[in-house]
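Novice: The sequence and its predicted three-dimensional model are supplied below.
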Amino acid sequence: MGVFESLWLEGLEDLSYGVLERAFQRTLQTCKYWPVKVADIREQVDRATESYAHADAELRWTRVLEYIRVFWNPDLPGGASSRAPKITPRTMHAIRCAGGLAEIADCPREHLHFKKELFLEAYRRWDALERDQYLLPDDSPVKALIATTGQIKAIQIK
């Protein structure tokens with residue numbers, strides 16, 4: 001039993017107590033074989049994370065529709081009331097992927113589900129985009145070329 005305990009401690013140390021407790025409960029309900037492996041528990045964590053991400057994206061979509069209903073007016077400068085709450089960069093990215101606030105606001109109800117799917121996909125993929133934004137290695141010639149071009153453009157604008 002001590003071997004399993006040390007394997008579990010090492011394999012699950014990055015999880016919070018609440019997540020771990022739910023994962024263990026779910027694993028004990030669904031696991032067919034004993035001893036329980038770290039992979040069995042991780043599988044439950046991954047499912048719970050997916051479920052949470054989907055629910056969070058759905059909630060954000062509902063809030064975007066509420067924002068449009070309450071604060072959006074294309075005649076106002078910037079399109080929104082001055083008392084409108086700030087939109088997070090993640091939500092704004094998803095809104096842009098769905099066509100923007102104006103397009104969502106003007107979209108016929110029967111086609112709104114297409115906008116919703118685009119929004120949900122972009123919202124859920126945000127973490128991967130954030131994680132992958134620095135994929136070019138520091139010594140990459142492509143990265144150097146991009147940096148040089150950016151500096152040239154900055155000089156030309158001044």
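Specialist: Cool, the structure landed.

Novice: Who are the packing partners of the longest helix along the chain?
Specialist: Within the chain, and with DSSP state H defining each element, the longest helix by residue count is helix 38-71. Using 3 or more CB pairs under 8 Å, 6 or more residues apart in numbering; DSSP states H and E as the contact criterion, the neighbours of helix 38-71 among helices and strands are helix 2-12, helix 17-30, helix 89-97, helix 101-106, helix 112-132. No exception for glycine: its C-beta is placed from N, CA and C like everyone else's.

Novice: Quick one, which of the ones you listed gets closest to residue 47.
Specialist: Comparing the helices and strands packed on helix 38-71 against residue 47 with CB to CB, the closest turns out to be helix 17-30 (7.8 Å).

Novice: list the helices and strands the closest one packs on?
Specialist: Under the contact criterion of 3+ CB pairs under 8 Å, 6+ apart, helix 17-30 touches helix 38-71.

Novice: now the angle from the helix it packs on to helix 112-132?
Specialist: Here the directions of helix 38-71 and helix 112-132 differ by 120 degrees (axes from the mean of the first three to the mean of the last three CA atoms, to 10 degrees).

Novice: which of the residues in helix 38-71 are buried?
Specialist: With burial defined by 16 or more other CB atoms under 10 Å, the residues of helix 38-71 counted as buried are 40-41, 43-45, 53, 57, 60-61, 64-65, 67-68, 71.

Novice: Pick out whichever of those residues sits closest to residue 112.
Specialist: When the buried residues of helix 38-71 are compared for distance to residue 112 (CB to CB), residue 65 wins out at 8.4 Å.

Novice: need the contact list for that closest one.
Specialist: Contacts of residue 65 were listed using CB atoms under 8 Å, 6 or more residues apart in numbering, and they are residue 104.

Novice: Got the confidence number for it?
Specialist: On pLDDT, residue 65 comes in at 95.

Novice: Then residue 157?
Specialist: The per-residue confidence score, pLDDT, reads 60 for residue 157.

Novice: In space, what's closest to residue 63 - neighbours in sequence excluded?
Specialist: In space, and not counting its chain neighbours, residue 63 is closest to residue 91: 7.8 Å by CB to CB, 6 or more residues apart in numbering.
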